[in-house]
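K.L.:
quick one, what's the 3D model for this:
(chains A and B)
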Amino acid sequence: MKRWLKMTAGAAAITLATAGCAGSGSGDSTNSSAPASNGTLTVWLMTGTAPETLTNSLHKEFEDAHPGVKIKYEIQQWNGIQQKLTTSLASDNPPDVIELGNTQTPAFANQNVLADLSSNVADFNGAQWLQGLKASGEYDGKTYGVPFYAANREVIYRKDMFEQAGITATPKTRAEWLDAITKLKAKFGSDPDFQAVYHPGQNWYELLSYIWDEGGDIAQANGKSFKSTLDSPQAKAGLEFYKQLTEASGTKAPKDADEATPQQAGIYGAGKVAMMIGVPGEADTAAKTDPSIKEKSGAFPIPGKTAGKSAPVFLGGSNLVVPANSKNAAAAKDYIKLFSTPKYQTELAKAGYVPGTSTDVSALDANPLTKVMAEASKNGRAVPASPKWGDVESGQNPIKDMLTAYLTGTKSLDQATADANAALDKLIGG
Amino acid sequence: MTTTEDVTTPAGSSPPASPRIKPPKSNRRLRLGERTAPYLLLLPALVAILVLLGWPTLQLIGISFRKLDLRELVSGEMVWVGFENFSEILSDPEFWEITVRTLVFTAAVVLTTLLLALFMALLMRHLNPVVRVILQVALILAWATPVLATTTVFQWIFDQQYGILNKTLAKLGFDGFIGHSWFSTGPSTLTVIGLLVVWQAVPFVAFTLYAGLLGVPKEQYEAAGIDGANAWQAFWAVSWPAIRPILTMVTFLSVLWDFKLFAQVWAIRQGGPDGASTTLPVYMYLKGLAGNHFGLAATAALLMMLVLILLTARYVQLLVRTKEADLS
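P.N.:
Numbering: from 1, shown residues only, chains lettered A, B, ... in the order given. Predicted coordinates:
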């Protein structure tokens, strides 16, 4: 083989091998949707949000009212959605209506990729909007996101186990909660697989409840900038209770993973767990392991520090947005308007969600689990509305690292909170 | 590693041809055609490489000097920031820490892969055919399993509470492993990731080396045996010279593959705990894609490419210098 040939081969090999870096640097997911004609309204909702019966009747009603417009409905997965949204929002033919997680909304609003819906607030039943989600859809005094639905965490418990352990009333305060755990352990503790509370180390949405309950927060807004406050005495007190609960619960859950790895609902469904902290939907997931578990389950709000008031909860949920590049903005707004009508909001509530543009949550009362959630949602709050918050959740979350470091004893309380505070400041501060 | 002295005629000069089969003198035009033909044949490949790899690389370099967030991407604005991206990354102490970690990790993984693969290749030579086929099928299966599937299996194996490893260790009497977390520190997490990578990398390297060993004529081993060489001496005298060039090549490839590993590292613990298993590709993902700062991501990618070129320069040199006989 000739020398220059070898040179070429070598050069080709190194370019081929390093090209991987270039490829992943520029983001290689492509927008596969067909070019939108004016006759097609593309709608992206997330998996597991609106039930099929709701969307079917909604889409039929919309298409009947808009002759010539066809809805292209696509269900997206949460996993990797950030990248998919980035590429689709940057394209010339983005979807026309998108469901956006409420913690993602400020970031996209800040990047000028969403249409300004401020003048349509009244059309979308603005007076009835869920306050906790409303803030997440607003940026710089304008409205970009319409509240879609919310869900929040509660304590899901086994009624039969509580009864057998002689617990007559559901805990209302932290002290009562710890007391109930002691009673459960006394009754079932002989079973080595028993866990009074399944309590993974990185359920940071739950931690928020304790920090807020202590009167603290994870970050404070000062105009447009944010300053993280994870090293405040209140945040430390919240963290301390998290540890106290973990130790009291006798949980075997990993300290370095969240409630999704492994899925806590599956472990609760196996029947050896008396409580878990999750959204009502997780009881349905648990029922896939054991169908009888749903009947045996009840719920109570996360107990507060003091009597008479449950802990504030993180309002997880979504907004509906219209991309700035949408070719069918008018039809997209009509679609959201229809979605905001009481008829469909009630449907949403029946499916177990706190509706975003309606204060009528009576449909949630039918199910004891969602009834408790609806109650607790009144005391719901959101994460800081920083446009950089997306970095926290799509990257390495310092709050999760803080929890693990403190729970495993790798770092002291002061060290863990100070490090996390600095890391969070680096992400959202300034 | 040293190269053997070049004792053959220098590459490029043709061996003296027998006068009898000397071709008739052709005219000038034909000779020109003959001379350019190889270049013309290479042209399509060269153009493809330039279009598919050269252009993106140029773009990457361009982007690394720009501020390219989602806003700029959507509006198509060009915002040049000079070396701002570079100074931001290079002045980040985390970057240097992660670079060193990535280099150490790559070296450890490559070395383990090569040693294990060499052992497997030699083993395959000596095994009885049935056992060998079983081993080969097992290797192929390990290689053919998709990365994320293997990663999931490893996560199950090493699970703190339900993992088969801890349960087995506890059954064997090592009670300390009940509830032991393999992902509680960076080095421990990287060790698990390293095992996972080695597990998937060994088959290819082992087969490549085995193919090299197959090329050695049996007679050479017989000759070594007659000369009274033991197994160790036979290995150094016969096998080693045959597989050394191939070993150079697979080392080079392994360094490239392991250095830019992302899927496994991210899937196992997202570079945790507390960023202690973060490697350069993860750093790039965090800087760029997690926060939509594509300019920063491009810079990180460019710096990675630079490190990679420095790291493999010696191998490229070797590859270029390797004797013709070694490559064939």
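
K.L.:
what's the burial count for A:A186?
P.N.:
A:A186 has 11 neighbours, counted by other CB atoms under 10 Å in any protein chain shown. Where you see a C-beta, it was placed from the backbone N, CA and C, and this is true even at glycine.

K.L.:
how close does it get to chain B?
P.N.:
Using CB to the nearest CB, to the nearest Å, one obtains 22 Å as the distance from A:A186 to chain B.

K.L.:
kindly report the same for A:Y144.
P.N.:
A:Y144 is 14 Å from chain B, by CB to the nearest CB.

K.L.:
do the same with A:D217
P.N.:
Counting by CB to the nearest CB - A:D217 and chain B are separated by 22 Å.

K.L.:
show the contacting residues for that residue.
P.N.:
A:I211, A:T229, A:S232, A:Q234, A:A235, A:P384 (CB atoms under 8 Å, 6 or more residues apart in numbering or on different chains).

K.L.:
can we see that at 7 Å?
P.N.:
Applying CB atoms under 7 Å, 6 or more residues apart in numbering or on different chains, we find A:D217 in contact with A:I211, A:T229.

K.L.:
so which strand or helix has the closest residue to A:V361 other than its chain neighbours?
P.N.:
Take A:V361 and drop its neighbours on the chain: the residue closest to it by CB to CB, 6 or more residues apart in numbering or on different chains is A:A374, 4.4 Å away. Using DSSP states H and E, the element containing A:A374 is helix A:368-377.

K.L.:
same deal with B:H180?
P.N.:
Using DSSP H and E, B:H180 falls outside every helix and strand.

K.L.:
buried ones in the lengthiest helix in chain B?
P.N.:
If you go by DSSP state H, chain B has its longest helix at helix B:93-126. Buried residues in helix B:93-126, defined by neighbour count with 16 or more other CB atoms under 10 Å in any protein chain shown: B:95, B:98-99, B:101-102, B:105-106, B:108-110, B:112-114, B:116-118, B:120-122, B:124.

K.L.:
right, is that helix up against chain A?
P.N.:
No: judged by CB under 7 Å from any CB of the partner chain, helix B:93-126 makes no contact with chain A; its nearest approach is 9.6 Å.

K.L.:
give the next helix or strand downstream of that helix.
P.N.:
For helix B:93-126, the following helix or strand on the C-terminal side (DSSP H and E) is helix B:129-144.

K.L.:
residues in contact with the closest residue to A:K159 other than its chain neighbours?
P.N.:
Of all residues not flanking A:K159 in the chain, A:G298 sits nearest, at 4.7 Å (CB to CB, 6+ apart). Each residue near A:G298 by CB under 7 Å, 6+ apart is listed here: A:Y157, A:K159, A:P368.

K.L.:
what do you get for B:I178?
P.N.:
B:N166, B:A170.

K.L.:
one more time with 10 Å
P.N.:
With contact set as CB atoms under 10 Å, 6 or more residues apart in numbering or on different chains, B:I178 has these partners: A:K252, B:Q160, B:Q161, B:N166, B:K167, B:L169, B:A170.

K.L.:
how about the contacts made by A:G101?
P.N.:
Contacts of A:G101 (CB under 10 Å, 6+ apart): A:46, A:78, A:81-82, A:85, A:136, A:148, A:316-319, A:390, A:393.

K.L.:
before we move on, back to that, and the average pLDDT for the helix or strand containing the residue nearest to A:K159 is what?
P.N.:
For A:G298, the host element (DSSP H and E) is strand A:297-300. Here strand A:297-300 scores 94 as its mean pLDDT.

K.L.:
before we move on, what about stretch A:314-332?
P.N.:
91.

K.L.:
so in the chain, where's the weakest helix or strand by average pLDDT?
P.N.:
Using chain A. When the helices and strands of chain A are compared on mean pLDDT, DSSP states H and E, helix A:3-26 comes out lowest with a mean of 45.

K.L.:
can you give me the strands for the stretch 1-150 of chain A?
P.N.:
Per DSSP state E, counting those that start in this stretch, the stretch 1-150 of chain A carries strands over the ranges A:40-46, A:70-76, A:97-101, A:138-139, A:142-143, A:146-151.

K.L.:
angle of the last one against strand A:40-46?
P.N.:
Using axes from the mean of the first three to the mean of the last three CA atoms, to 10 degrees, the inter-axis angle of strand A:146-151 relative to strand A:40-46 is 30 degrees.

K.L.:
next one: the third one
P.N.:
Put simply, strand A:97-101 runs at 20 degrees to strand A:40-46, going by the same axes, to 10 degrees.
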